[in-house]
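>>> quick one, fold the following:
(chains A, B, C and D)
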Protein chains: 2
Amino acid sequence: MDILQVSKRAGVSTATVSRVLNGSPKVRKQTSERVRRVIAEMNYVPNTSARNLRIGRSEMFGLIVSDIKNPFFPDLIDQFESLATAHDIDVVFTHTNYDSQRLANCVRRLVERNVDGIAVMTSEADEAALQIARQRGIPIVLLNQPALSSKYSNVLVDYMRGYREAVEHLVNLGHRDIVFLSGPEELSSVRRRRTAFEAAARKFGIPTGGKHLIPGDLRVEGGRAAVEIVLRRKPRPTAMIAANDLMAIGALLAATTAGLNIPRDISIVGFDDLPLVTLTHPQLTTIHLSRQEIAAKAFAQLVHLIQKKDPGGSSTNHKVYPRLLVRESTGPAPARPPRK
Amino acid sequence: MDILQVSKRAGVSTATVSRVLNGSPKVRKQTSERVRRVIAEMNYVPNTSARNLRIGRSEMFGLIVSDIKNPFFPDLIDQFESLATAHDIDVVFTHTNYDSQRLANCVRRLVERNVDGIAVMTSEADEAALQIARQRGIPIVLLNQPALSSKYSNVLVDYMRGYREAVEHLVNLGHRDIVFLSGPEELSSVRRRRTAFEAAARKFGIPTGGKHLIPGDLRVEGGRAAVEIVLRRKPRPTAMIAANDLMAIGALLAATTAGLNIPRDISIVGFDDLPLVTLTHPQLTTIHLSRQEIAAKAFAQLVHLIQKKDPGGSSTNHKVYPRLLVRESTGPAPARPPRK
DNA sequence: CTGAAAGCGCTTACAG
DNA sequence: CTGAAAGCGCTTACAG
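Reported below is the predicted structural model:
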């Protein structure tokens, strides 16, 4: 009963102490100053559990990512947490390791914690896992889950825009034989990237699919493997566009090791713009996807949903537009021997 | 009064529901099964705020780092969070951005949240900021704060060991003219690294200080700048050891750009073993510091302090031993023209 | 502008 | 093995 101690010492009721604590304007200045002094003297710290129980909120947001070690996330987490702090909200942080069972578990625990909102920033979000939060009317915002976009608010990445810029850039440099380095097709984000590339390529009359599509794993290793394949092609493709930076970097490293000069012999484009992408030599040309923007939109949407008291009723979708960032790994297409 | 609903529907008291929820062994199996069924039917989720208020704990740990974007931290956070999840503890995550004012703020908020323990994994920890938690008897564990190690439990990095291995490795390769790339001397971790290097060098009769010490900034840029200096030296140093990986990578990139071959012309050693260190060409030889181990020790110590109910009374220090990881950026010292 | 009192949803001695 | 009841520390209509 700590607030009681304070109230006694200050010669007021607990109600008044509480009002001072919460900055209520209807406390006499003199009183509030006295209370404040006592609070400071006693080093009183209010008990948030009690407060939360009473007000029915927790002033915490849950933040779920798939994998912190994926360099995509730190920026996003950083921004989300900074915004939360600025709003006097704490963030309970969890990760799923790409496991939808763990996702369900994370959501449940956040619901038990009574969080005021949940940002599910995982690459795949299983609807069943979200059920429990939705039932409680806890606002949820997802990252890039178009399949659920009618039921849940989403931050949606507009892949079309980014890949169109990339293809256009390469075409302008004279490239016609461009290979797309894909990832596991069961991931919707991968399918959407591939589709976006292909749509852009078609627009410029560039062939796609078949030998222009190399499967990958979204990791450095996949980029390395892709280079092996590319090097064996008779007329060698002049450019590669990867579904993510990690593969682009793998390709860049492997190509360099194999004695190729980038971009003279082959151009490489990534996707994401991870911080480490400027550490390679040459620096990677890539499609920048702003994690700050994603975090900011997710956070704002959560705040909005809470104020609206409109749990999921209407879902809103926010678009984020990637942009091509030309650095050093792209250049003019090498002259090619005429086809036989 | 949600537990009340459950109890009514199950035809028992709230006490019994609570016991079932908490896995008390003294509930009749038949009863507990019935209660469980009702809980499932009703999709009941207990309110943690109420529980926390009652039991006086929150079953949350606070985790404070300086900067998530620093690639040193993701591994640490990942491990800490995984351990927490395994122990049914949630983690409230914050970062200070190297600002001791923000640190004080973070600690205060965690105290208000009633967290059961706080891991302050920042490079510098201001004692004043910790005061408020210590007063409440909330267990704290610090990273690498020897100055506070008598008052607070610490996870301490044994820099000596790591740098001794590095120097020995280089000496065995014939290096005698080794430059240490330092950082801001106001950081204790930097001072300790430099001191560790110098102690090791002395042991092997290698000169230190003076021109063998180049100031840096702990960033890629500092490594680049250092190379400029090194390249101007008349007998060029044959090896560089950096206070962290980022500078080592900067040096590696700049040296490569300047036309040097690594390790043929100069050997480079980093510190930390960041994930991105294998993405360079050549891959960086570096001193590996296990973030997993740091996280595990910090977490275990928190759990220990809580069980001991021994708030800070006795501080325990846990050592973490870095180890040299030889990769590709170190090799035999180049033959040098005889000194005039 | 201030206080008395109820109540948020749990858990836990205590009694049976 | 189970229940009645107190109480964790706040906040907030309500009354004055």
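
>>> could I get the full set of helices for the stretch 51-200 of chain A?
Remark: helices assigned in the stretch 51-200 of chain A by DSSP state H, counting those that start in this stretch are A:73-86, A:100-112, A:127-135, A:159-172, A:188-203.

>>> who wins for proximity to residue A:277 among these?
With CB to CB as the criterion, residue A:277 lies closest to helix A:73-86 of the helices of the stretch 51-200 of chain A, at 12.6 Å. C-beta: built from backbone N, CA, C; applies to glycine.

>>> so that closest one, near chain B or not?
Yes. Helix A:73-86 comes into contact with chain B (CB under 8 Å from any CB of the partner chain), by way of A:73, A:74, A:75, A:77, A:78, A:81, A:85.

>>> number of nearby residues for the closest residue in space to the last one that isn't next to it in sequence?
Pointing back at residue A:85 there. Once flanking residues are discounted, residue A:85 sits nearest to residue B:94: 7.0 Å by CB to CB, 6 or more residues apart in numbering or on different chains. By other CB atoms under 10 Å in any protein chain shown, the residues close to residue B:94 number 25.

>>> hang on, residue B:94 packs against residue B:108?
No. The criterion here is CB atoms under 8 Å, and residue B:94 misses it with residue B:108 at 10.7 Å.

>>> before we move on, back to that, which one of the helices of the stretch 51-200 of chain A lies nearest to residue B:274?
helix A:73-86 (12.3 Å).

>>> get me the contact residues on the stretch 1-150 of chain A for chain B.
So the stretch 1-150 of chain A meets chain B at A:43, A:45-50, A:52-53, A:58, A:60, A:63, A:67-69, A:71, A:73-75, A:77-78, A:81, A:85, A:90-95, A:105, A:108-109, A:111-114, A:132, A:135-136 (CB under 8 Å from any CB).

>>> which among the residues you listed end up buried?
By neighbour count, with 16 or more other CB atoms under 10 Å in any protein chain shown, the residues of the stretch 1-150 of chain A next to chain B hold A:45-50, A:52-53, A:58, A:60, A:63, A:67-69, A:71, A:73-75, A:77-78, A:81, A:85, A:90-95, A:109, A:111-114, A:132 as buried.

>>> of these, list those near DNA strand D.
A:46, A:47, A:50, A:53 (CB under 7 Å from any atom of the strand).

>>> wait, what's in contact with the first one?
In this case it means residue A:46. Counting by CB atoms under 8 Å, 6 or more residues apart in numbering or on different chains, residue A:46 touches A:2, A:3, A:21, B:112.

>>> go again using 7 Å as the cut-off
A:3, A:21, B:112 (CB atoms under 7 Å, 6 or more residues apart in numbering or on different chains).

>>> again with the third one
Counting by CB under 7 Å, 6+ apart, residue A:50 touches residue B:53.

>>> against residue B:31, how distant is it?
Going from residue A:50 to residue B:31 by CB to CB, to the nearest Å gives 31 Å.

>>> same deal with residue A:56?
Noted for residue A:56: a distance of 30 Å to residue B:31, by CB to CB.

>>> cool, residue A:206 as well?
Counting by CB to CB, the separation of residue A:206 from residue B:31 is 69 Å.

>>> now the helices of the stretch 51-200 of chain A in CSV, with mean pLDDT and distance to residue B:122?
CSV is the format used below for these (pLDDT from 0 to 100; distance: least, CB to CB, whole Å):
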stretch, mean pLDDT, distance to residue B:122
helix A:73-86, 95, 14
helix A:100-112, 92, 26
helix A:127-135, 90, 32
helix A:159-172, 96, 36
helix A:188-203, 95, 34
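
>>> and of the ones you listed, who's closest to residue B:211?
Closest of the helices of the stretch 51-200 of chain A to residue B:211 is helix A:73-86, at 37.1 Å (criterion: CB to CB).

>>> run the chain-centre distance for the closest one.
11 Å (CA atoms, centre = their mean, to the nearest Å).

>>> mind checking the SS state of residue A:295?
Classification of residue A:295 by DSSP: H, G, I helix; E, B strand; the rest coil places it in helix.

>>> picking that back up, among the residues of helix A:73-86 next to chain B, which one lies nearest to residue A:123?
The closest of these to residue A:123 turns out to be residue A:73 (CB to CB; 10.5 Å).

>>> what sits against the closest one?
A:65, A:67.

>>> quick one: it from residue B:148, how far?
According to CB to CB, residue A:73 and residue B:148 sit 31 Å apart.

>>> okay, residue A:313: pLDDT?
pLDDT for residue A:313: 53.

>>> how about the residues of the stretch 51-200 of chain A by DNA strand D?
Within the stretch 51-200 of chain A, the positions near DNA strand D by CB under 7 Å from any atom of the strand are A:51, A:53, A:54, A:55.

>>> where does chain A have low pLDDT?
Chain A contains residues with pLDDT under 70 at A:1, A:309-314, A:336-340.

>>> now the strands for the stretch 1-150 of chain A?
Taking DSSP state E, counting those that start in this stretch, the strands of the stretch 1-150 of chain A run over residues A:60-65, A:90-95, A:117-121, A:140-143.

>>> correct me if wrong: residue A:35 contacts residue A:13.
No. The pair formed by residue A:35 and residue A:13 falls short of the contact definition of CB atoms under 7 Å, at 10.5 Å.

>>> out of those two, which sits in the busier spot?
Neighbour totals were compared for residue A:35 and residue A:13, and residue A:35 leads with 24 against 13 (other CB under 10 Å).

>>> gap between the more buried one and DNA strand D?
For residue A:35, the distance to DNA strand D (CB to the nearest atom of the strand, to the nearest Å) stands at 12 Å.

>>> for residue A:162, list the residues it contacts.
By CB under 7 Å, 6+ apart, the contact set of residue A:162 is A:271, A:287, A:322, A:323, A:324.

>>> likewise residue A:296?
A:79, A:83.

>>> look up how far residue A:80 lies from it.
For residue A:296 relative to residue A:80 (CB to CB), the value is 8 Å.

>>> and stretch A:318-338, which residues are buried?
Buried residues in stretch A:318-338, counted by 16+ other CB under 10 Å: A:318, A:320, A:322, A:324, A:325, A:327, A:329, A:330, A:331, A:333, A:334.

>>> any part of stretch A:317-327 near chain B?
No. Against chain B, stretch A:317-327 shows no contacts by CB under 7 Å from any CB of the partner chain, the least distance being 13.7 Å.

>>> CA atoms of that stretch as PDB?
What follows is stretch A:317-327, C-alpha atoms only, in PDB (Å, rounded to 0.1, in the frame of the first residue of the first chain):
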ATOM      1  CA  ASN A 317      -3.800  -1.100 -45.200                       C
ATOM      2  CA  HIS A 318      -0.800   1.100 -45.500                       C
ATOM      3  CA  LYS A 319       1.500   0.800 -48.400                       C
ATOM      4  CA  VAL A 320       5.300   1.100 -48.300                       C
ATOM      5  CA  TYR A 321       7.100   1.800 -51.500                       C
ATOM      6  CA  PRO A 322      10.600   0.400 -52.000                       C
ATOM      7  CA  ARG A 323      12.900   2.500 -54.200                       C
ATOM      8  CA  LEU A 324      15.900   1.500 -56.200                       C
ATOM      9  CA  LEU A 325      19.200   2.700 -54.700                       C
ATOM     10  CA  VAL A 326      21.900   2.700 -57.400                       C
ATOM     11  CA  ARG A 327      25.400   2.000 -56.000                       C
END
